[in-house]
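Visitor: Have a look at this prediction, sequence included:
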Amino acid sequence: MYDLVIRGGTVVDGSGLPGYRADVGVTAGRIARIGRIPGRGAEEIDAAGLVVTPGFIDGHTHMDAQVFWDEQGSCSAWHGVTTAVMGNCGFTLAPARADARHLVTRNLERAEEISAAAMEQGIAWTWETFPEFLDAVDRLPKAINYAAQVGHSALRTWAMGESAFDGPASESQLAAMEAALRDGLRSGAVGFTTTRNDNHETADGRPVASRLAGWEEVRRLVGVLAREGAGVFEITHEPAAAGPDEAREEYFARIRALAAETGVPFNFGVSGRNGVFHGLRLLDSIAAAGGVAYGLGHSRGINTVTSFRTKTAFDKLPLWSEVRALPLEDQRRAFTDPETRARLVAIALEGPYGRAIGAEARKPDFDRMRVYDKPMPPLRTINKAAAARGVGPVDLILDLALETDFHQMFIQAVVSDDPADLLPVMRHPRAVMTFTDSGAHVGSMADASLHTLLLGHWVREERAFTLEEAIRMVSYAPAVAWGFHDRGLLREGLAADLNVIDPDTVAPLMPEVAYDIPGGAYRLRQRAAGIAATVVAGRVAFRNGVDTGTRAGRLLRGPLANRRC
């Protein structure tokens, strides 16, 4: 008898090949049979009229902290993700000496907007080294699977202490980083990550630790992956990637040479109007030079979400900061008082806004800021919606906030969300549909819906992709990119991580504000429609978006750890 039979669905197996009608039988966490199954399973799912797919793989998350207080793996798990790769952009919670944990959390607090109070209250620190961190994650109850990468900033603070935020490493400090990275890989880390991006700062306005590293330090650490013969390298680009031609080409030459020299698979984000052209060109040039690289794409474009129940772009402006510190009912009185409102509108139009980094609320661009009143595009821009009402853009925002008891949300692209910029990345053979940043920016982004947005908007509504193409983009393609050889496809003998989806209704739902983070901070929590079941290791983890309480997820260790088992 099979442990689970998913009966009568259309199997879209992740390969990109056409779907076909079949039953799927699961035994001991593995796919045992795909075909006609006459006998009954211990548990059955009726998939008639539905599609059976591999579980989705998200290669770019920051679940490192959240995994300790959220057994479900939300919001990713609600959108069909069964494996999340964490530790991106150089930010990890290990290695971390017991007397210097504040140094690794300092890197995460502003750059990834992960609450310091949540990390303090929600994490039971039982580790110092990266192998010990992996063991701690391994012991946690988990609804989905996780894989972990070693972060450059944590390596620096491990080897250098406070001086990691001041300048380059000495030879002995770099040797200590190499040793810690090697230990991490041998214990099961699946890669090494770094950031050199000036959007990544600490809460006190300093560069995160990895940004102080010279290029030779990066070369040496990537060289560890090459010598060990395992692991991917993720890099968040230097400012030069979007700079003048000469600076960009010098930087791209360094990336290309390192990829070709080491043979290590690279990955990096590809987004923005200019970034798409140059990023895709870099991918192709790395391949031409003999290297391997994957671009990280997005189905909507990276955005910030604001509301008067969370944060707005106006909060730090003069007068606005005083009003926004008041209870909502007092804010309502201020926004409806003609004199106060006129002053607020004038200040909002003029600023000063200052600099915003990452997903922080930024100066509004009313031609790019949209009314977020439905979960999928197209959405009205603020300027167009204001013109339709015959009011100014700030007045429109205030009117909508008041009309909805401050629940109305607004969304603004950090980088281009124009289909003309998104589609070339989504269609590029060396790009992977992943970049949710799940676990980070939880109060200002709602990008865990990347996968269901792809299926609902780009497949069903726009018909830009077939269902088979889209499923491959979020299952087999990332499995290849991150080296998960036993999942990402529906094949007999592979891991039984699966989704059962209604292609006619699958879609993200609107985000909601929830105060469910340790320490009382809020986050934007976004669920999905149209996923009848998500199966992890052969056990049903979610039915129609509802957690079953099953905790079959596990830590997926890299090949060096597996060779030593």
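Guide: That came in fine, so what should we check first?
Visitor: any low-confidence regions in the stretch 351-500 of the chain?
Guide: Scanning the stretch 351-500 of the chain with the threshold set as pLDDT under 70 gives 359.
Visitor: can you do 90?
Guide: Along the stretch 351-500 of the chain, the model assigns pLDDT under 90 to residues 354-362, 413-416, 445-447.
Visitor: now the strands for it?
Guide: 369-372, 409-413, 431-433, 498-501 (DSSP state E, counting those that start in this stretch).
Visitor: Would you agree Asp395 is in contact with Ala348?
Guide: No. Using CB atoms under 8 Å, Asp395 is not in contact with Ala348; the gap is 9.7 Å. For the C-beta atoms, the positions are set from N, CA and C on the backbone; glycine is no exception.
Visitor: Which one of the two is surrounded by more residues?
Guide: Between Asp395 and Ala348, Ala348 has the larger neighbour count (other CB atoms under 10 Å), namely 23 against 18.
Visitor: Helix, strand or coil: sort out that one for me.
Guide: helix (DSSP: H, G, I helix; E, B strand; the rest coil).
Visitor: list the contacts for it?
Guide: Applying CB atoms under 8 Å, 6 or more residues apart in numbering, we find Ala348 in contact with Phe314, Leu317, Trp320, Pro364, Val394.
Visitor: Give the burial count for the nearest residue to the third one once chain neighbours are set aside, as a bare number.
Guide: What that stands for is Trp320. Nearest non-adjacent residue to Trp320, counting by CB to CB, 6 or more residues apart in numbering: Phe314, 4.4 Å away. For Phe314, the neighbour count with other CB under 10 Å is 25.
Visitor: quick one, phi/psi of Phe314?
Guide: Per-residue torsions, Phe314: phi -90, psi -10 (degrees, to the nearest 10).
Visitor: That one reaches Phe335, doesn't it?
Guide: No. Checked against CB under 8 Å, the pair Phe314 and Phe335 is beyond contact range at 11.2 Å.
Visitor: picking up where we left off before, list the contacts of the residue nearest to Trp320.
Guide: Counting by CB under 8 Å, 6+ apart, Phe314 has contacts Trp320, Arg324, Leu344, Ile347, Ala348.
Visitor: before we move on, which element is the third one in?
Guide: Right, Leu344. According to DSSP states H and E, Leu344 maps onto helix 338-350.
Visitor: And that helix, what's buried?
Guide: Neighbour-count burial for helix 338-350, with 16 or more other CB atoms under 10 Å as criterion, is recorded at Arg341, Arg343, Leu344, Val345, Ile347, Ala348.
Visitor: and what of stretch 43-54?
Guide: Of the residues in stretch 43-54, those buried (16+ other CB under 10 Å) are Ile45, Ala47, Leu50, Val51, Val52, Thr53, Pro54.
Visitor: what do you get for stretch 380-395?
Guide: Within stretch 380-395, the residues that count as buried by 16+ other CB under 10 Å are Arg380, Thr381, Ile382, Asn383, Ala385, Ala386, Gly392, Pro393, Val394, Asp395.
Visitor: same deal with stretch 257-270?
Guide: So for stretch 257-270, counting by 16+ other CB under 10 Å, buried means Leu258, Ala259, Ala260, Thr262, Val264, Pro265, Phe266, Asn267, Phe268, Gly269, Val270.
Visitor: Next one: the fourth one, what pLDDT does it get?
Guide: On the pLDDT scale, Thr262 is placed at 98.
Visitor: pretty sure it contacts Gly223?
Guide: Yes. The pair formed by Thr262 and Gly223 meets the contact definition of CB under 8 Å, at 6.3 Å.
Visitor: Mind pulling up the pLDDT for Glu128?
Guide: For Glu128, the pLDDT comes out at 98.
Visitor: any idea which helix or strand carries it?
Guide: Glu128 is part of no helix or strand when elements are defined by DSSP H and E.
Visitor: mind putting the strands of the stretch 351-500 of the chain in JSON lines, distance to Gly14 and mean neighbour count included?
Guide: As requested, those are exported to JSON lines (distance: least, CB to CB, whole Å; neighbours: other CB atoms under 10 Å):
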{"stretch": "strand 369-372", "distance to Gly14": "31", "mean neighbour count": "22"}
{"stretch": "strand 409-413", "distance to Gly14": "30", "mean neighbour count": "22"}
{"stretch": "strand 431-433", "distance to Gly14": "12", "mean neighbour count": "26"}
{"stretch": "strand 498-501", "distance to Gly14": "10", "mean neighbour count": "27"}
